[in-house]
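> structure for this input, please:
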Amino acid sequence: MSELVGDFLLKRLSEWNVKRIYGYPGDGSNGIMGALNRAGEQFEFIQTRHEEMAAFMACAHAKFTGQVGVCTATSGPGAIHLLNGLYDAKKDHQPVVAIVGQQARAAMGGEYQQEVDLVSLFKDVAHEYVHMATSPGQIRHLVDRAIRIALSERTVTAIIIPNDLQSQPAVEQPPHAHGTIHSGVGYSHPRIAPHEDDLKRAAAVLNEGERVAILVGAGALNATDEVIQVAEKLGAGVAKALLGRAALPDDLPFVTGSIG
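Next up, the predicted model:
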């Protein structure tokens, strides 16, 4: 049997180093669930009790691994249930990709059972990138762009795949023809450095301070030594936001622990 869209979807996710997917099955995503079953141990599918939990888990995955979190749900009510967890990721600037099912393409526009305008539904929480696939040849660039934009913008993106499309023969490599898109796997985070004048102004503010306190969050997770040096130089105490708990050890004399 030739590879199906659901199988190629997972293959492309794997090429982006996605190993774990959180979700809850339904008839709108049967093709994806069947592909997960065929993939065996290649993926760890965490079946939750509720779709909302799947989205929260994908957000937590992003927060504590630095990788993109992926969640999946069926069409209609299942997709709607993802929203609360996706907004958590949106507001905390975490890269999460939601992959949701939809009713068959031929039925759409006919008020079919559980038919919901999912593009409009996700337009706020995933406005940087939300698209519905209508052709097998789209899957490649939809996955590539959804993951790359989620990582680069630190945001939520969404892909909607009608259930009949999930079981269509896959198109791994679109033909080189007018009207086709060709994308690739991979993203390199840019190195962002402040201007020297901005650094000098910040240093001047800190040097003029008499009782300096430091609050660090997730942005300081890879700057432990630098934060320690600044704290010792200034004689400052350091508190940690929830997502910055691992930035500094609690046994340092100037670390006050976590807030909240």
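> C-alpha from now on. contacts and neighbour counts both.
Noted.
> for the residue nearest to the spatial centre of the chain, grab phi and psi.
Taking Cα atoms, centre = their mean as the criterion, residue 96 is the residue nearest the geometric centre of the chain, at 1.4 Å. When read as degrees, to the nearest 10, the backbone of residue 96 gives phi -130, psi 140.
> does it touch residue 72 like I think?
No. Using Cα atoms under 8 Å, residue 96 makes no contact with residue 72, being 10.8 Å away.
> quick one, strands of the stretch 101-250 of the chain?
Here the stretch 101-250 of the chain has its strands, by DSSP state E, counting those that start in this stretch, at 130-132, 156-162, 213-216, 237-240.
> so which of those is nearest residue 87?
When the strands of the stretch 101-250 of the chain are compared for distance to residue 87 using Cα to Cα, the nearest one is strand 156-162, at 8.2 Å.
> which other helices and strands contact the closest one?
Applying 3 or more Cα pairs under 8 Å, 6 or more residues apart in numbering; DSSP states H and E, we find strand 156-162 packed against helix 83-91, strand 96-102, strand 130-132, helix 139-153.
> let me have these in a markdown table, extended by mean pLDDT.
Shown next, in a markdown table, are the helices and strands packed on strand 156-162 (pLDDT from 0 to 100):
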| stretch | mean pLDDT |
| --- | --- |
| helix 83-91 | 97 |
| strand 96-102 | 98 |
| strand 130-132 | 98 |
| helix 139-153 | 97 |
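> turn those into CSV, columns for distance to residue 57.
Formatted as CSV, the helices and strands packed on strand 156-162 follow (distance: least, Cα to Cα, whole Å):
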stretch, distance to residue 57
helix 83-91, 8
strand 96-102, 10
strand 130-132, 20
helix 139-153, 16
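> pLDDT value on the residue nearest to residue 241 when sequence neighbours are not counted, please?
Using Cα to Cα, 6 or more residues apart in numbering and skipping the chain neighbours, the partner closest in space to residue 241 is residue 217 (4.9 Å). The per-residue pLDDT reported for residue 217 equals 91.
> understood, closing this out.
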